[in-house]
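S.K.: model the structure of this input:
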Amino acid sequence: MIYLTESATAAVRTAIAGASGPVGGLRIMVESGGCAGYKYMMGFVAEANPGDTIIDQDGITLFVDPDSDALLDGTTINFTIGLEGAGFTFENPNARSSCSCGKSFG
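M.R.: Residues are numbered from 1 along each chain as shown. Below is the predicted model of the structure:
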């Protein structure tokens with residue numbers, strides 16, 4: 001299961017309201033890359049892909065592909081605003097290491 005904090009939920013809702021096309025949900029996944037081995041990826045999609053795990057949280061639908069599901073299980077996604085800007089952060093209990101920017105893990 002992936003969890004969105006209140007601030008992340010609000011940021012996603014704001015982004016959905018401003019989207020130019022239809023939004024069926026938010027795809028959350030990991031890809032090889034980044035400075036620690038895997039990088040987090042997020043984006044709006046119109047519909048789920050076959051095999052996706054579908055999570056409904058506070059009226060927001062999350063889609064997670066099978067390869068990313070185990071790597072993201074238990075992850076909390078937050079949205080923060082700080083001196084270096086605003087953005088999503090990931091607290092992933094499956095990460096053995098992470099980079100200083102918080103956008104990749106190993």
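
S.K.: quick check: the spatially most central residue of the chain vs Leu83, distance?
M.R.: For the chain, the residue nearest the mean C-alpha position is Ile28 (4.1 Å; C-alpha atoms, centre = their mean). Going from Ile28 to Leu83 by C-beta to C-beta, to the nearest Å gives 26 Å. Any C-beta I mention is one placed from the backbone N, CA and C, and that applies to glycine too.

S.K.: Thr89 bridge partners, please.
M.R.: Beta-bridge partners for Thr89, by DSSP bridges, are Asn78.

S.K.: show me what contacts it?
M.R.: By C-beta atoms under 8 Å, 6 or more residues apart in numbering, the residues touching Thr89 are Ile77, Asn78, Phe79, Thr80, Gly102.

S.K.: any idea how far it is from Pro50?
M.R.: Thr89 is 30 Å from Pro50, by C-beta to C-beta.

S.K.: same thing with Ile77?
M.R.: For Ile77, the distance to Pro50 - C-beta to C-beta - is 24 Å.
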